[in-house]
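Asks: kindly generate the corresponding structure for this input.
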Amino acid sequence: MSYIALYRKWRPVTFDDVVEQSSVVSILKNAVKQDRIGHAYLFCGTRGTGKTTIAKIFSRAINCINPQDGNPCNECEVCKGIINQSLLDVIEIDAASNNGVDNVRDIIEEIAYVPTRARFKVYIIDEVHMLSTGAFNALLKTLEEPPEYAIFLLATTDPQKLPATILSRCQRYEFKRIGLDSIVERLKTICKDVGVEAEEEALCFIAQAADGALRDAISIFDQCISTGNKELTINDVLNILGIASEKLIFQTAEAIISRKVEKLLLSIEEMIKEGKEIPEFIGSLIVFFRNLLVIKAAGDTKMINMSRDALEQMQGLAKTVDQMYLIRCVKELSLLERDIKWASQKKIILEVGLIKLTMDEEVKEVQVKNIATKTEEIKPEPVKSEPIKKDPIKPVVKAEPVQNKDISSTDRSLAKFRPVEEVYLKEVFLSLKDGKHMMVMSYLRNVRALYYSDTVVYLVFCGAGKEIKKDSMGKPENMEIISKAFQHVMEKDCAIRLFTEDEVGDKEEEKENDLMSRLGRLAEDGVNIQID
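Replies: Model prediction:
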């Protein structure tokens with residue numbers, strides 16, 4: 001006789017054998033006992049929680065000749081015929097591979113015939129959400145008004161993909177994930193049956209890896225004992241599954257929290273040498289930091305499935321770390337887990353991602369900002385120059401737009417006008433650094449010199465694209481912004497006039513007032529001005 005997988009051997013055969021799904025079991029048993037059988041049932045839940053198993057038990061219970069308190073007897077000819085699949089009145093269909101309209105039409109044709117030996121003709125459709133739209137439409141009428149002897153048992157892990165017209169015609173039951181303790185107890189029972197001594201920690205780890213799916217837990221256990229050893233340790237489980245140990249995960253997390261990059265890189269090297277999978281390693285780190293966050297935020301260890309020694313270590317580590325930092329770690333690791341799936345150099349991406357977690361968030365933001373803007377934010381210092389006496393504030397006069405007109409002889413040589421004083425210049429640039437006038441600031445980068453008379457401020461553009469910059473600055477909305485800035489700072493009416501360096505003379509004298517050198521002095525005084 002060929003070997004039977006443990007998850008098949010230990011599949012429940014009565015409702016009483018089912019682990020945890022007490023609410024669903026109770027309702028279905030009462031339906032059998034009271035003979036209140038619906039025509040369509042929908043079982044929803046994650047994998048390995050007992051949907052198909054309960055569907056099979058229910059199909060026997062409603063057809064059993066001698067039911068026992070709502071359970072099938074599994075001894076009568078009908079129950080035995082369903083178990084060994086010799087009775088054709090109970091039909092199992094995998095919708096993942098039989099999802100077309102023709103498959104449903106076959107069901108519709110067969111359903112017209114009464115059952116041969118059983119009381120009900122039962123159709124168990126697994127993964128029903130995989131049916132095509134056409135198949136659902138073909139099934140709809142039959143599902144709504146089937147013959148009185150026909151019953152549909154639908155199972156799915158993705159109920160939201162089912163049409164509302166199908167959902168509304170079924171009794172819906174939700175299957176919850178199996179608890180860790182229940183999985184461990186079932187594994188202990190199996191250990192006694194197969195003659196294996198297993199460490200409690202090993203069974204807990206298997207249950208944790210199964211993520212609420214009892215079938216997965218039994219399959220993992222079956223894999224772990226396939227070596228033939230009569231003892232199962234936590235190291236055996238870790239090696240077989242290729243998962244990093246709690247010790248290595250703790251060591252890595254501690255290196256991140258303590259900002260010890262060298263220790264962190266050594267932990268990564270150790271993980272790689274042991275042949276562990278990088279995505280699973282990141283997943284283990286996410287769970288670890290989540291558990292730390294639970295301890296830090298709630299102080300409760302009941303929601304954490306770990307050994308007692310590991311919990312004590314985590315409680316000590318939680319006292320040394322900030323709650324917001326733990327939230328940041330979970331978020332960053334989740335992004336890293338997503339991105340690393342498509343990376344060709346997974347180890348390098350892992351190293352960089354974990355090293356980022358050793359950096360303070362403020363430091364990282366400043367560095368990113370410096371790269372993006374090529375400048376460092378400098379807090380302005382109080383102006384040390386002597387205060388300037390200012391005239392009373394007068395109404396703001398709208399700046400005159402740039403005109404294509406001849407430059408007067410008065411304007412042609414600007415050397416005789418006063419350069420804009422650095423106190424004014426500093427305040428003008430500071431007034432524009434509010435994030436709303438970045439375009440005007442970019443035009444000012446091409447201004448070579450600034451001068452003013454009693455009522456006019458002259459701006460001279462130079463360098464590549466000076467004509468374009470001048471014309472752009474000359475737009476009414478930009479002229480209004482820059483004129484208001486000067487008028488506010490100088491507290492007097494003043495118009496703005498724009499020139500290029502080709503339009504004004506006496507360049508040698510203007511060099512002394514070169515804007516670049518003057519802005520350099522302003523920067524030394526604490527004004528952060530970006531210049532190309």
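
Asks: check which helix or strand covers Arg119.
Replies: Using DSSP states H and E, Arg119 is not contained in any helix or strand.

Asks: also the one 5 residues further on?
Replies: With secondary structure defined by DSSP H and E, Ile124 is part of strand 121-126.

Asks: what's the average pLDDT for the helix or strand following that strand?
Replies: Counting by DSSP H and E, the next helix or strand C-terminal to strand 121-126 is helix 133-144. The pLDDT scores in helix 133-144 average 87.

Asks: could you list the buried residues of helix 133-144?
Replies: Buried residues in helix 133-144, counted by 16 or more other CB atoms under 10 Å: 135-136, 138-139, 142-143. Quick note: C-beta positions are derived from backbone N, CA and C, even for glycine.

Asks: surely Leu154 is in contact with His39?
Replies: No: Leu154 lies out of contact with His39 (CB atoms under 8 Å); the separation is 11.5 Å.

Asks: just how off-centre is the strand holding Ile124 within its chain?
Replies: 38 Å (CA atoms, centre = their mean, to the nearest Å).

Asks: list the helices and strands it packs on?
Replies: helix 51-61, strand 90-94, strand 150-156 (3 or more CB pairs under 8 Å, 6 or more residues apart in numbering; DSSP states H and E).

Asks: report the angle between the longest one and strand 90-94.
Replies: Following axes from the mean of the first three to the mean of the last three CA atoms, to 10 degrees, one obtains 170 degrees for the angle between helix 51-61 and strand 90-94.

Asks: which one of the helices and strands packed on strand 121-126 lies closest to Lys276?
Replies: helix 51-61 (32.7 Å; CB to CB).

Asks: can you give me the angle the closest one makes with strand 121-126?
Replies: Going by the same axes, to 10 degrees, helix 51-61 makes 170 degrees with strand 121-126.

Asks: name the residues that touch the helix or strand hosting Tyr173?
Replies: Per DSSP H and E, Tyr173 falls inside strand 171-175. Residues from elsewhere that reach strand 171-175 (CB atoms under 8 Å, 6 or more residues apart in numbering): 21, 24, 27, 38, 40-46, 49-51, 54, 159.

Asks: quick one: buried residues of the next helix or strand after that strand?
Replies: Reading on from strand 171-175 to the C-terminus, the next helix or strand found by DSSP H and E is helix 180-194. Residues 180, 182-184, 186-187, 190-191 are the ones in helix 180-194 that count as buried (16+ other CB under 10 Å).

Asks: who does the strand holding Tyr173 pair with, and is each partner parallel or antiparallel?
Replies: Sheet pairing for strand 171-175, assigned by DSSP bridges, gives strand 40-45 (parallel).

Asks: kindly export the strand it pairs with (C-alpha atoms) in CSV.
Replies: What follows is strand 40-45, C-alpha atoms only, in CSV (Å, rounded to 0.1, in the frame of the first residue of the first chain):
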residue,chain,number,x,y,z
ALA,A,40,-26.9,26.0,-1.3
TYR,A,41,-24.1,26.6,1.2
LEU,A,42,-21.0,28.8,0.8
PHE,A,43,-18.0,28.1,3.0
CYS,A,44,-15.5,31.0,3.1
GLY,A,45,-12.0,31.2,4.7
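
Asks: any idea how far it is from the chain center?
Replies: With CA atoms, centre = their mean, you get 30 Å for strand 40-45.

Asks: what of stretch 290-302?
Replies: Worked out by CA atoms, centre = their mean, stretch 290-302 lies 21 Å from the chain centre.

Asks: next: stretch 481-493.
Replies: 49 Å.

Asks: and what of stretch 100-111?
Replies: 42 Å.

Asks: now swap in stretch 332-340 and tell me
Replies: With CA atoms, centre = their mean, you get 8 Å for stretch 332-340.

Asks: output that stretch as CSV, restricted to C-alpha atoms.
Replies: Extracted in CSV, the C-alpha atoms of stretch 332-340 (Å, rounded to 0.1, in the frame of the first residue of the first chain):
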residue,chain,number,x,y,z
GLU,A,332,10.6,50.3,6.0
LEU,A,333,11.0,46.5,6.2
SER,A,334,7.6,46.1,4.5
LEU,A,335,8.7,48.2,1.6
LEU,A,336,12.0,46.4,1.5
GLU,A,337,10.2,43.0,1.3
ARG,A,338,8.1,44.3,-1.6
ASP,A,339,11.1,45.7,-3.6
ILE,A,340,13.5,42.8,-3.0
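
Asks: now tell me what touches that stretch from outside.
Replies: Contacts of stretch 332-340 (CB under 8 Å, 6+ apart): 278-279, 282-283, 285-286, 289, 346, 349-350, 353-354, 356-357.

Asks: give me that answer again for 6 Å
Replies: Stretch 332-340 is contacted from outside by 282, 285-286, 346, 349, 353, 357, using CB atoms under 6 Å, 6 or more residues apart in numbering.
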